[in-house]
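[1] one predicted model, sequence on top.
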Amino acid sequence: MIPTLTLRHHIQCIHQLKTVYKWTTCLRLYHVYTGTTAKRLPFLCSPQFLTSVRYNGQYQQVVVPGEGPSSVQILEETRSLIQDKDFDALHETLKVLPKQIFSELHTVPWLHHHNQPIAMMQLLLNNKSDLYLGPIKKDPAFINILQFIDQNLEQIPDEHIPGYFHGFLFLGTDCTSPIIHKLLHRLQDSKEYLNLNDTALICEALRIFPRGDFKVWSRVLKSLDIIFKQTDISSPDFDVYNLSRTITNIRHISTSEKLNTVLNLTHQVILNNGENLNILQLGSCLRMYRHLSFLVSPYYRDGNKDNANCIVDLLIPKLPMLTCANFADVCHVMKVMGIYDESTSRKFQKRALEILHSETLKISELVNLCYAFNYMLMHNDRYKVESALYKDLSDADVLLLSNIADILIDIKCNNSDLITYYFEMIKQHIDNLKNYVTRFFKVFRFVNRNQISHQDSFLFQEILNLLNSQQGLSVWTISTLSSFLLPQCKPIIPELLMNKLLAIIPQSGINDVALILSGINKMKRPWVRQMYQQVLQLQTALYQNVEGRLDEVQNIDVLIQMIQVLYVKNEIKETVLLENLMKRITDFMDSLNLKQFRYILNLLFQVKYIQPDVLNKMTEYLLNHEDKVNFSDFSNFVRVISHLGFHPKQFNEFESLCERQLERHIMKAELPRQLMFTNDLCKLQIFIDRWLSQLFSYEFIEKIDEYIDSHPQSQRNIKTSLMLLNRCVVLECPHLDIPWFHEEFCQKTMSRDKYNESWIHQEIESALTEALGSSKFYRASAFTPYFFVLDFECLLDVDKKPINISLANELHIQEEGYQRVAICIQLEKYFSVNSRNLLGSHQMKQRQLEILGYKTVEIPFFEWNSMALSDWPEKVEYLSKKIFR
């Protein structure tokens, strides 16, 4: 008997889902089969076929539009096959059935009906499996198939088992069903050779299986070994599509050797036969490269990028044939792998916009298409994309909402209406989202970047509920959630969150530590004071975690990352921990390579840290690899040590190396780098006379003018660099006889600079007034010849008594023995982090002031703020001794 479905149930589905069953076998109609009900039936395709409708207790044949044989017809055909025990025909029929059923669900706007694995995942994510596949599972014809297979399992050929296993699971059969377990045992015990289609089907099926199965995985891996040995990869028929589908799903359990074999093999296929591969095959390979790039060694990671670029080159001529689904496959992978460059993205976006403007798209198709778009989308086009998403957002399911989060981040959406509406949709689906952490995190990532003040409390509570309800959340998951939760905490950090964080911190890696610290750094300062003990407890636990891992570190890259996380990007600077981390770096300096050299260089510049052993080793590395290190890396090293004011132990050898590097490369460098490099050498007191003379020649000045004309945005920086060089050469290299020609430039630019007072300036000025006896004896924010800016300047006579500063310009200072005094306040930022060593630019200023005849009185912040000067009279006395000594 043909199964029935009540009209009431059918209409209920329409009401709830705004869609209908395409595979409804029949309707129990209470009156007549009218045109109105026919329009609401799911069969909306072009060809026609006959089906049965029950009317007044009798089945009658009616014509219903449909695409070829419907799932109803396919199921009915199996009855005769079962009677005839035609195993081969039944197997072929069952292979078609899942695809047909999902294709008949094409009116469901959020379902990726063309992609069975994704569609099945959507039904599970949205708890709609029973609603959509339930009637099929209850269909007598389908039940008849299950019973027949169960009763005749021993007679079914081994080669049919993968197809049945895949088909039944994708038709919604429960994983705990006896027939599924029997098929699984057959898969485990069979010795039959698996082809690539079989391995792909098994891997896809096991993805929705709760625990997978090690024995079956092992059989798949063994079959791959046989395939690799026996298959001719040069054959145009080589099944690269199913190979890539298989490897994508078994990447976590396969050996690096096997994965590398697959990479090399597929690359050969693409090189030999790439032009004949279709979009589906190329997209599958690209997706495989993406997944493997996160698993294998860095060497192969770079190889994956090269392979992926080859595929992109093959895809670009096929752009007119790309469908919405292809864009999701291809563009998303390119973005993740970092190969979606400007040129490539413009080509894909152009094609995607053509489709967007010319076709009416369902939300599932629109979301797939939108993966082509990124931040380079023009304003008008971005508005059209955002409007299209806004219009159909209510049709999105859990999967699409999580994918839309990625898209909105990619296009840098700041449309407040769309963001608010998106958040409302998230609230509707939050219960399902919380059950699938990876999907939840996609949404969380977007919402965390686009916080809506009145919605934060809702999300805060939902995440706390997630932490409370979900057992066994990973360390990374809890760390990431804390990066959002901690800034929202007030007036205390909830006990649940504190307990979770304190429990996971001992297990946390450096990336997890970074996430928790980012949350602490974003906490509002007024609330932090109230939560001081809790915050201190978390920070102490984090620092102890890192301290405990130091001895285990085997890689300098990990140490560099630790310093970035704990010091560079952390608002609270823990100098003791930084010192311990820096000491560990010296243990790895003997095996230094160029990549690590660059990382350390960047780190030292950011941290302003002088580690003599490290810097001397880096100097030695440059001396030993003179021909291998490019000028950019070399000049960057010079920049760092000149900035830190550090002179290497092998200074004479290093000075000679600088001269050789300059002679080889300086004229090939861009003008800004030429000036910067020369300034850095001057800070180190490395003066290369021939180059300095050439730099201030008429021809070179003309070259500078031409550069400024063609790069007007760099005018201020270029002229300032040239002024600093001019001042340095005039004062420190008088034998070169270079004239000072920046008087007018300095008058125009520096006269506009306002004196930036701080509390220490104000305090020292008050003490200075007492020490000198009056404010008329000093000048604040004073300009010297050649336009140095002094914090304070005073004038002493031969008896070291202060003179009215207003008379300074009228006196013949040198002839009459007067002494100019430059009072320089040395703030914390003027020093390296770990020493009392002035940074290079301030060393040079002190040096050049002395050349100008100034007595420099240095007032370091650490002396002024010391316990020895805690009383005001002591501060005044300290200043007097400095000036009058």
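    Arrived safely, thanks for sending.
[2] next one: residue 85 from residue 78, what distance?
    Using C-beta to C-beta, to the nearest Å, residue 85 is found at 12 Å from residue 78. C-beta here means a position set from N, CA and C on the backbone, and glycine is covered the same way.
[3] tell me which of the two has more neighbours.
    Taking other C-beta atoms under 10 Å, residue 85 and residue 78 do not tie; residue 78 has more neighbours (20 against 11).
[4] list the contacts of that one.
    By C-beta atoms under 8 Å, 6 or more residues apart in numbering, residue 78 lies in contact with 90, 93-94, 141, 144-145.
[5] give the PyMOL command for selecting the buried subset of the residues you listed.
    Typed into PyMOL, the line below selects the buried ones among these, using 16 or more other C-beta atoms under 10 Å:
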select buried, resi 90+93+94+141+145
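[6] among the contacts of residue 78, which are located in helices?
    Residues of these located in helices (DSSP state H): 90, 93-94, 141, 144-145.
[7] please enumerate the strands of the protein.
    Along the chain, the segments classed as strands by DSSP state E run 5-6, 27-29, 48-55, 58-65, 778-783, 789-796, 819-826, 855-860.
[8] and the third one, average pLDDT?
    Per-region confidence: strand 48-55 scores 37 on mean pLDDT.
[9] and the residue sitting nearest the centre point of the chain, how far from residue 443?
    Compute the mean C-alpha point of the chain, and by C-alpha atoms, centre = their mean the closest residue is residue 336, 8.6 Å away. Using C-beta to C-beta, one gets 18 Å for the distance from residue 336 to residue 443.
[10] again, but for residue 647
    54 Å.
[11] one more: residue 502?
    27 Å.
[12] which one's more surrounded, these two?
    Comparing residue 502 with residue 443 by other C-beta under 10 Å, the one with more neighbours is residue 443, at 24 against 12.
[13] tally of neighbours for the closest residue to the more buried one other than its chain neighbours?
    Closest residue to residue 443 apart from its sequence neighbours, by C-beta to C-beta, 6 or more residues apart in numbering: residue 405 at 4.9 Å. Neighbourhood size, residue 405 [other C-beta under 10 Å]: 22.
[14] what does residue 609 give?
    For residue 609, using other C-beta under 10 Å, the count is 23.
[15] over to residue 588?
    20.
[16] and it, what's its pLDDT?
    85.
[17] for the nearest residue to it once chain neighbours are set aside, the count of nearby residues, please.
    Nearest in space to residue 588, with sequence neighbours left out and distances taken as C-beta to C-beta, 6+ apart, is residue 556 at 4.0 Å. Look at residue 556: counted by other C-beta under 10 Å, it has 20 neighbours.
[18] quick one, what contacts residue 556?
    585, 588, 592, 596, 599-600.
[19] what's the farthest-apart pair in the residues you listed?
    Using C-beta to C-beta, these span at most 11.3 Å, a distance reached by 588 and 599.
[20] and the end-to-end length of stretch 703-721?
    End-to-end distance for stretch 703-721, by C-alpha to C-alpha, to the nearest Å: 15 Å.
[21] which residues are in contact with it?
    By C-beta under 8 Å, 6+ apart, stretch 703-721 touches 671-672, 675-676, 679, 722, 745, 749.
[22] what subset of the residues you listed is buried?
    671, 675-676, 679, 722.
[23] and the two most separated of those residues?
    Of all pairs drawn from the buried ones among the contacts of stretch 703-721, the widest gap by C-beta to C-beta lies between 671 and 679 and measures 12.7 Å.
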